[in-house]
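K.L.:
Structure for this input, please:
(2 chains)
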Protein chains: 2
Amino acid sequence: MSNVVKIREVGLRDGLQLIKSNLSTESKLIWVNKQVSAGFTEMEVTSFVPPKLLPQFSDASEIIIKSNKIKKLKPTALILNIKGAIRAIEAGTKKITFVLSASEKHNLSNVNCTTDQSLSMFNEIIEVSKDTKVEVAAAIATSFGCSIQGSVPEIRVLELAKEMAKKGACEINLADTVGYANPKQVKALFGKLKDQIGNVPMAAHFHDTRGMGLANVVAALQEGVRRFDSTMAGLGGCPFAPGASGNIATEDCVYLLESLGFNTSVNVDKLLELRHYLTDLLPNEKLEGRLGVAGTAINFKKKLL
Amino acid sequence: MSNVVKIREVGLRDGLQLIKSNLSTESKLIWVNKQVSAGFTEMEVTSFVPPKLLPQFSDASEIIIKSNKIKKLKPTALILNIKGAIRAIEAGTKKITFVLSASEKHNLSNVNCTTDQSLSMFNEIIEVSKDTKVEVAAAIATSFGCSIQGSVPEIRVLELAKEMAKKGACEINLADTVGYANPKQVKALFGKLKDQIGNVPMAAHFHDTRGMGLANVVAALQEGVRRFDSTMAGLGGCPFAPGASGNIATEDCVYLLESLGFNTSVNVDKLLELRHYLTDLLPNEKLEGRLGVAGTAINFKKKLL
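P.N.:
Just a heads-up that it's a prediction; the model follows:
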C-alpha cells in the first residue's frame, strides 16, 4: 500500500460552521495561501449553503474564484443539494463534496429529506456535472453512529456508498461528525467498504469529540485509507455537544502520519506558524490540538519544502 | 488474549507532581474513595520522594496507611531510590513502582545517577522487599524517546526490562512521560518486550503531549498489554513543555476500552461525577479529557456496578 497520505484541510468550511467569529474573505485567503505554502494541495474552502442560514459562507463564489488562482491547490466546496451544486459549478469549483447522512433521523434534521431523497439528488448532481470537469465526491455523515438515532446499521452505510460509487462518485468519505466512532468499528467498516466501491478512493472525516480521532486515523490507515479531512487547531465543534472539541487537528494529524513514516508532503513548522496566525485571527475561539502547545519532538524528522 | 484491562489511576501522583494546587490529605482520600466506588482496584496514591523537593507528597505515609483501609483497593506508590523504598515499605505499601530512565541523560537529570547505578539500586530494593509481601514493579521512563537526548535505543530499554524482570519485578511498565511515542513504535517495542520478560505482565504509561496517547493505547493492546496508567482529566503535564497536556485522561481511556469491547469494570458515569468533583477540587488547573465535555454516546453500553 502507498505511503503517501493526502490531508484535506476543511477548517474554512467545517471549522467555521459553528463559530461566531466572522472571517473576512481576505483573511480566509491569507489562511489558504499559508496552508498551501505549508504543502497542502486540497482544501475545502467553503460551503454552498443558503447565505441566510450560514452568512459566514456568503462569499462562497468569491473564495472559489480566488482560490482557483492559487498554484498547486485544488479548492473544494461542500454542498447539500442540487441548488448548491449548481452554484458551486457556476463559480468554477473543481471538486464538490456532496453530503448525506446514513441516519434517517439525522438526514431529516439536517437537510429535511429522507436519505433516499438525498440519494436521488446525488444522481441529479452527477447528471448536472457530467458535461463539466467537476469531480463529485460523496460523504456519508453519521457513518459510525448518530447523536439522534444512536447506532446506524453498517449495511445502510455500505449500500449508500456502493450506490454513489456506481453512479460516479470520485471518492467515498465516511464521516463521523458526532464523534461516535471507535478504532475497532473504523477498521471493520472501511474493511467492508473496500469490497463495495472497487477502485474509488476511500476518505475519512473524523472528529475528536470523545478523544478517539487520531486512534481512528490509525485504524483507517490499516484498512488502506489514504485521504483524511482535518481542521487547523481542531476547529469545528459538535452541534449536539456544546463546548465539545471539533475535527481532528490538522497539525496533530500530520505529525502522527509523518511519525508513522507516511509522506504527507507537509512542512510541520509552517503549519505551526499558520496555527499561530490563527490564534490572532480567531481570538474568541478555543484552539485545540496538542502539537501547537508541545511542539515537535527533538528527534522528529522534519520535511523541507 | 484476555479482554480484561486494568487501568491504574496515577493522578494522585503524576497528576499532582507539577501542579501548584496543594491538596489536603482529606481531599486526596475523598478522591481515592470516589474512584474506588467507580470500580478502580489499583491507584498510585503517592510518591516517596523527599518532602522538601515535593511537599505535595509529604503526607505519603498517611495516605498509604489510610488507603490501605479502603476495601478492594491496592494503593501503590512511586519510588526513585532505596530510601524511598524503605519509607514506602515501613508505611505498609503493598506495591511500589521503581522508576529509572532508559535515557542516560534523563536519568542523570532526574535522579542524579547513571542508569546502571539505578539498576543496582533496583536490585537492592528487591533484596529489601524480599522478606515482606511488597510487590516491586519496574517502570522505564523515556522508553520511546527523550526530550534531552532525543532517540533512545530500543535495545537499551529491552536490556533493562529483561534484567529487572529476571531480578523479580512484578510488572514491567514502559513509560512515555515526554509524549514521544507513536503507535508504530509502541507496537514494535511491546512486541519485542514480550520475548524478553516471559510471564511478567507488561504495562504502559502514556502521556498525551502530542495527541497520540489513545492511539498508543490501541497499539499496545494489539501487542497484549492489559495494564495502563492514566490520570483523571489528563492531569500531569510535561516538565519540558510548559502548558502541554499531561497523561492520557482516565475517563477517555476507559471509554475507549469499553467501546472496543474490553472490560475495565469501571462505571463511566461515576467517573464523570468524580471528574466534576475535581473541577471544584482543583479550580486553578486546566482539566483535559474529551469525555468530560462531550459525555457518552447515546448508544454506549454502560456498566452497572
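
K.L.:
Secondary structure element holding the residue nearest the centre of chain A?
P.N.:
Centroid-nearest residue in chain A: A:Asp229, 3.7 Å away (criterion: Cα atoms, centre = their mean). Using DSSP states H and E, A:Asp229 falls within strand A:227-230.

K.L.:
Now do the buried residues in stretch A:153-162.
P.N.:
Buried residues in stretch A:153-162, defined by neighbour count with 16 or more other Cβ atoms under 10 Å in any protein chain shown: A:154, A:156-158, A:160-162. In this view, the C-beta of every residue, glycine as well, is placed from N, C-alpha and C.

K.L.:
Give me the contacts around the helix or strand encompassing A:Ala203.
P.N.:
Using DSSP H and E, A:Ala203 maps to strand A:202-206. Strand A:202-206 has contacts (Cβ atoms under 8 Å, 6 or more residues apart in numbering or on different chains) with A:8, A:10, A:137, A:139, A:171-177, A:179, A:181, A:186, A:190, A:193-194, A:212-213, A:216-217, A:220, A:223-230, A:247-248.

K.L.:
mind redoing it with 6 Å?
P.N.:
A:171-176, A:193, A:213, A:216, A:220, A:225, A:227-229, A:248 (Cβ atoms under 6 Å, 6 or more residues apart in numbering or on different chains).

K.L.:
That strand: how far from the chain's middle?
P.N.:
Relative to its chain's centre, strand A:202-206 lies at 7 Å (Cα atoms, centre = their mean, to the nearest Å).

K.L.:
And the residue of the stretch 1-150 of chain A found nearest chain B, its phi and psi?
P.N.:
Ranked by Cβ to the nearest Cβ, the top residue of the stretch 1-150 of chain A for proximity to chain B is A:Gly150, at 3.8 Å. Main-chain torsions, A:Gly150, degrees, to the nearest 10: phi 90, psi -130.

K.L.:
tally of neighbours for it?
P.N.:
For A:Gly150, the count of nearby residues is 14 (other Cβ atoms under 10 Å in any protein chain shown).

K.L.:
Could you do A:Gly168 as well?
P.N.:
Counted with other Cβ under 10 Å, A:Gly168 comes out at 17.

K.L.:
quick one: pLDDT of it?
P.N.:
pLDDT, A:Gly168: 97.

K.L.:
what's the residue lying closest to it once chain neighbours are set aside sitting at in phi/psi?
P.N.:
Of all residues not flanking A:Gly168 in the chain, A:Ile126 sits nearest, at 4.8 Å (Cβ to Cβ, 6 or more residues apart in numbering or on different chains). Backbone geometry at A:Ile126, expressed as degrees, to the nearest 10, gives phi -60, psi -40.

K.L.:
Equivalent analysis for the one 10 residues further on, please.
P.N.:
Comment: the main-chain dihedrals of A:Val136 come out as phi -120, psi 110, following degrees, to the nearest 10.

K.L.:
How about A:Ala244?
P.N.:
phi -70, psi 160.

K.L.:
Identify the residues contacting it.
P.N.:
Per Cβ under 6 Å, 6+ apart, neighbours of A:Ala244: A:209, A:238, B:293-294.

K.L.:
again with A:Ile19
P.N.:
Taking Cβ under 6 Å, 6+ apart, one finds A:Glu285 in contact with A:Ile19.

K.L.:
any idea how far A:Met1 is from it?
P.N.:
36 Å (Cβ to Cβ, to the nearest Å).

K.L.:
Same check on A:Ser58?
P.N.:
Distance from A:Ser58 to A:Met1, by Cβ to Cβ: 41 Å.

K.L.:
try A:Ser24
P.N.:
Applying Cβ to Cβ to A:Ser24 and A:Met1 gives a distance of 42 Å.

K.L.:
Tell me which stretches of the stretch 151-300 of chain A form helices.
P.N.:
Using DSSP state H, counting those that start in this stretch, the helices found in the stretch 151-300 of chain A span residues A:154-167, A:183-197, A:213-222, A:250-259, A:268-281, A:291-294.

K.L.:
Serialize these to CSV and add fields for distance to chain B.
P.N.:
As requested, the helices of the stretch 151-300 of chain A are exported to CSV (distance: least, Cβ to the nearest Cβ, whole Å):
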stretch, distance to chain B
helix A:154-167, 14
helix A:183-197, 5
helix A:213-222, 4
helix A:250-259, 4
helix A:268-281, 11
helix A:291-294, 4
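
K.L.:
wouldn't A:Phe190 be in contact with A:Gly224 here?
P.N.:
No: counting by Cβ atoms under 6 Å, A:Phe190 sits too far from A:Gly224 to count as a contact (7.3 Å).

K.L.:
more crowded one of those two?
P.N.:
Neighbour count, other Cβ under 10 Å: between A:Phe190 and A:Gly224, A:Phe190 has more, with 22 against 14.
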